[in-house]
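1. Next input, structure requested:
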Amino acid sequence: MITEFFYGLGAGFASWVISWFDGVEVPQWVTAFSDILAQIVAGAAGLGSWIPWVLLAAVVGVTLVIWLSGFTVKAVRWLVGWVPTMGGS
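-> Predicted coordinates:
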């Protein structure tokens, strides 16, 4: 329900941007994107017996957290390098 709202906002925004151009019609797949996405999700719902979605989400989440932590440390080190009294190369 909430995701459909955001997809509706995105489709409305895309239709609005496309309407700026003269002679261009808004494609049907732009306005019916939530229906297409619902079909894809319904088709993928039956894959739960072969793909452990919970484990896959946990692995992807942990990987993203590790990458984000590394980039955060790198950004802090870069910012500290700009402080004249703390040095850096």
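
2. Can you identify the element that follows the lowest-mean-pLDDT helix or strand in the chain toward the C-terminus?
-> Every helix and strand of the chain was ranked by mean pLDDT, DSSP states H and E. The lowest is helix 28-31, at a mean of 75. Heading C-terminal from helix 28-31, the first helix or strand you meet, by DSSP states H and E, is helix 33-44.

3. I'd like the next helix or strand past that next one.
-> Later in the chain than helix 33-44, the nearest helix or strand by DSSP H and E is helix 53-81.

4. so that following helix versus helix 33-44, what angle?
-> Interaxial angle, helix 53-81 versus helix 33-44 (axes from the mean of the first three to the mean of the last three C-alpha atoms, to 10 degrees): 120 degrees.

5. Quick one: distance of helix 53-81 to the chain centre.
-> Relative to its parent chain, helix 53-81 has a centroid offset of 16 Å by C-alpha atoms, centre = their mean, to the nearest Å.

6. Report all helices and strands that that helix contacts.
-> On a contact count with 3 or more C-beta pairs under 8 Å, 6 or more residues apart in numbering; DSSP states H and E, helix 53-81 meets no helix or strand. In short, each C-beta sits where N, CA and C put it, glycine included.

7. pLDDT weak spots in this protein?
-> 1, 86-89 (pLDDT under 70).

8. Let me see the backbone angles for residue 24.
-> The phi/psi pair for residue 24 (degrees, to the nearest 10) reads phi -110, psi 120.

9. wait, doesn't residue 26 sit right on residue 19?
-> Yes - using C-beta atoms under 8 Å, residue 26 is in contact with residue 19, at 6.8 Å.

10. tell me the domain boundaries of the chain?
-> 1-47, 52-89 (automatic domain parsing).

11. picking that back up, need the residues that contact the least confident helix or strand of the chain.
-> Around helix 28-31, the neighbours that count as contacts under C-beta atoms under 8 Å, 6 or more residues apart in numbering are 11, 14-15, 18, 36.

12. Show me what counts as buried in it.
-> Within helix 28-31, no residue is scored as buried using 16 or more other C-beta atoms under 10 Å.

13. chain center to it, what's the gap?
-> That offset, for helix 28-31, works out to 20 Å (C-alpha atoms, centre = their mean).
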